[in-house]
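Colleague: quick one, what's the 3D model for this:
(chains A and B)
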Amino acid sequence: MNKGEELGMETFQFGEEIQSLMAVVQPPEAGNSFTALLELPANQAVKLLHSHEETAPNNLPSSVFPSAENSLETTTSSVVPNSSPNNVNLVKQEPIDSDSMHNSSPNPSDPVVSKSTKRKEREKNVKTSAKKIKSVANDDGEELPYVHVRARRGQATDSHSLAERARREKINARMKLLQELVPGCNKISGTAMVLDEIINHVQSLQRQVEFLSMRLAAVHPNIDINLDNIFSAESGSLMDYSFPGMVSPQPLSHQLWQPDGLIPQPLWGVEETNPNFITPENSFLSYDSSGNSVSLYTNQLKMEL
Amino acid sequence: MKMHTSSKLRKEFIKKWVKGLQICCSSKKNMDILERKKKIKLCADIALASAKNETTLWSIALISEAKKDDENKILVDNLLGPESRFKPRMTNRQMIACHKRVRSKKILKKSRHVCQKMKKMGPPKSNLAAYIAKKLVKRRTQVLKRLVPGGESMDKFSLIKEALDYILSLRIQVDVMRTLVNANEVLNQSDSKIYN
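Modeller: A predicted model of the protein is given here:
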């Protein structure tokens, strides 16, 4: 959990004065750390990550990407459902850690991190100086302000190179995370290729957004995308409202109460039968109904209008 | 718990997106398809960024970029609404100064690096492969910086973190939009079946 804590602390610090802090804290002594990734053996980072993976409970439902068949770019989206549950688990740990950091003080005795030796080594690699970000974080954390860094065999003990090494390791670990997240990146070795994949992934996602918004614009001449058409589908009754006609919010509130009682049954009923066309809506509405009921959600929507 | 976070984000996104679209719709009628598409996308982006609630750099950058455009500014403010905790953290002048600082630091760093290299450089390019790899990596990171909103002013470390988070949020956005498109399609089909 050390990496999570570091991240949490950093986000916390950054949360206040992000831009200015970033400009000031450009670490002046570090070299081009990305490039040094290639020389660094990745064993330690991989072990760390595997410890992360094992301890992270796998509780993501498989319907993160419910509709793969209608995907516009089948290559990316079809691969994702297989790998995403694990990876999102892994990655989501970090934002959650940062969230918890806001509220409570960091918990050093986190039982998740069982590999205490690795953790100590990571802590020891943290070199603190007035300029580095971590020094601020260390002061209010459980780590001591002065850390003795252990030099590894056959490597320089120069203070600068130690700091650089620590930085490289951090970046390397994060790159591994990213690698796990993007589908198809696990087998690629080498930072440049991984970055390439990541860039492709981001670009494809952005293009998908453009494309989908174009499609939505084509369907709705008046941009008012009501969710009541989805509810009407769920209840099974097909109204004679056509989408283009729904301009005012009045029919929305009017209809919301209708499917109210009917919604729970079709949801639960249809969830079993998979290839039903309603499945996508079920999964995305059932997310909402996992905590609250769907009627609550519709009430929420209604009250916002 | 992770599912909870992502589904919470999803709910927030949907809520804000629908709200934004309704604001759009009420303000202007009879837009052509390109305008509509732009508005839809804009609302989706802003909804996604604001659902993050300022916890990430890219979301802040995205919102401030959207606010720069005057005609979007009103929409954004309405969307973020009375609960808008988001205020532009810096004025334009401050941001320009910040960028200048960043750039001059980069120049300094680069010149120092070059000097060090010249000192160390024994046999020039003895490790050709590593040298080429370094160049490649550098170019890739530049591209990534352009892709992630606000990436230009991030150092490599936070760039990776932001890219991670950005990818996750984009996935949610794509998922929701695709679901909506599918729903519409299906309803259209069933409608036409009835009338045939």
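Colleague: how many other residues sit next to B:Glu152?
Modeller: By other Cβ atoms under 10 Å in any protein chain shown, 14 other residues sit near B:Glu152. All C-beta spots, glycine's among them, are computed from the backbone N, C-alpha and C.
Colleague: B:Arg146 is in contact with that one, correct?
Modeller: Yes: B:Glu152 is within contact range of B:Arg146, at 7.3 Å (criterion: Cβ atoms under 8 Å).
Colleague: point out where chain B drops to low pLDDT.
Modeller: Chain B contains residues with pLDDT under 70 at B:1-3, B:27-30, B:70-95, B:121-126.
Colleague: do that again at 90, thanks
Modeller: Where chain B drops to pLDDT under 90, the residues are B:1-165, B:168, B:176-196.
Colleague: just say helix, strand or coil for the residue most central in space within it.
Modeller: Nearest to the mean C-alpha position of chain B, by Cα atoms, centre = their mean, lies B:Pro149 at 4.0 Å. At B:Pro149 the chain is in coil, as set by DSSP: H, G, I helix; E, B strand; the rest coil.
Colleague: can you give me the distance of it to chain A?
Modeller: 10 Å (Cβ to the nearest Cβ, to the nearest Å).
Colleague: same check on B:Leu136?
Modeller: Distance from B:Leu136 to chain A, by Cβ to the nearest Cβ: 4 Å.
Colleague: need the next SSE after the strand or helix carrying that residue, C-terminal direction.
Modeller: In the assignment (DSSP states H and E), B:Leu136 maps to helix B:128-147. Sequence order places helix B:156-195 as the next helix or strand after helix B:128-147, per DSSP H and E.
Colleague: buried ones in that following helix?
Modeller: B:156-184, B:186-187, B:191 (16 or more other Cβ atoms under 10 Å in any protein chain shown).
Colleague: which of those residues are close to chain A?
Modeller: B:156-158, B:160-161, B:163-168, B:170-171, B:173-184, B:186-187, B:191 (Cβ under 8 Å from any Cβ of the partner chain).
Colleague: run the chain-centre distance for stretch B:157-168.
Modeller: Stretch B:157-168 has its C-alpha centroid displaced from the chain centroid by 10 Å (Cα atoms, centre = their mean, to the nearest Å).
Colleague: picking up where we left off before, elements contacting the helix holding B:Leu136?
Modeller: Judged by 3 or more Cβ pairs under 8 Å, 6 or more residues apart in numbering or on different chains; DSSP states H and E, the packing partners of helix B:128-147 are helix A:33-36, helix A:191-219, helix B:156-195.
Colleague: adding distance to B:Glu54, write the ones you listed out as a markdown table.
Modeller: Shown next, in a markdown table, are the helices and strands packed on helix B:128-147 (distance: least, Cβ to Cβ, whole Å):
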| stretch | distance to B:Glu54 |
| --- | --- |
| helix A:33-36 | 28 |
| helix A:191-219 | 21 |
| helix B:156-195 | 13 |
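Colleague: what about these, which gets the closest to A:Leu181?
Modeller: Nearest to A:Leu181, of all the helices and strands packed on helix B:128-147, is helix B:156-195, at 6.3 Å by Cβ to Cβ.
Colleague: what's the angle between that closest one and helix B:128-147?
Modeller: Helix B:156-195 runs at 50 degrees relative to helix B:128-147, counting by axes from the mean of the first three to the mean of the last three Cα atoms, to 10 degrees.
Colleague: angle of helix B:156-195 against helix A:191-219?
Modeller: Computed by the same axes, to 10 degrees, the angle between helix B:156-195 and helix A:191-219 is 30 degrees.
Colleague: show me what contacts the closest residue to A:His201 other than its chain neighbours?
Modeller: Residue nearest to A:His201 in three dimensions, not counting chain neighbours: A:Val182, with 4.8 Å by Cβ to Cβ, 6 or more residues apart in numbering or on different chains. Going by Cβ atoms under 8 Å, 6 or more residues apart in numbering or on different chains, A:Val182 touches A:Val194, A:Glu197, A:Ile198, A:His201, B:Ile167.
Colleague: out of these, which comes closest to B:Ile107?
Modeller: Among the contacts of A:Val182, and counting by Cβ to Cβ, the member closest to B:Ile107 is A:Ile198, at 27.5 Å.
Colleague: now the nearest residue to the closest one once chain neighbours are set aside: phi and psi?
Modeller: The shortest distance from A:Ile198 to any non-neighbouring residue, by Cβ to Cβ, 6+ apart, is to A:Val182 (5.3 Å). Per-residue torsions, A:Val182: phi -80, psi 130 (degrees, to the nearest 10).
Colleague: repeat that for B:Gly150.
Modeller: phi 80, psi 10.
Colleague: same deal with B:Asp32?
Modeller: The phi/psi pair for B:Asp32 (degrees, to the nearest 10) is phi -80, psi 180.
Colleague: so B:Pro149 is in contact with B:Ile63, correct?
Modeller: No: counting by Cβ under 8 Å, B:Pro149 stays clear of B:Ile63, with 9.2 Å between them.
Colleague: how near is the residue nearest to A:Ile198 to B:Ile46?
Modeller: 25 Å (Cβ to Cβ, to the nearest Å).
Colleague: do the same with A:His220
Modeller: Computed as Cβ to Cβ, the A:His220 to B:Ile46 distance reads 18 Å.
Colleague: cool, A:Lys170 as well?
Modeller: Distance from A:Lys170 to B:Ile46, by Cβ to Cβ: 32 Å.
Colleague: do B:Ile194 as well
Modeller: In terms of Cβ to Cβ, B:Ile194 sits 37 Å off from B:Ile46.
Colleague: got it, and B:Arg36?
Modeller: 16 Å.
Colleague: then B:Lys11?
Modeller: According to Cβ to Cβ, B:Lys11 stands 16 Å off from B:Ile46.
Colleague: the two: which has the busier surroundings?
Modeller: Set side by side, B:Lys11 and B:Ile46 show more neighbours around B:Ile46, with 23 against 19, by other Cβ under 10 Å.
Colleague: right, and that one touches B:Lys16 too?
Modeller: Yes: contact criterion Cβ under 8 Å: B:Ile46 and B:Lys16 qualify, at 7.5 Å.
Colleague: once you drop chain neighbours, what's closest to B:Asp45?
Modeller: Distances taken as Cβ to Cβ, 6+ apart place B:Leu62 nearest to B:Asp45, at 6.1 Å, with adjacent residues excluded.
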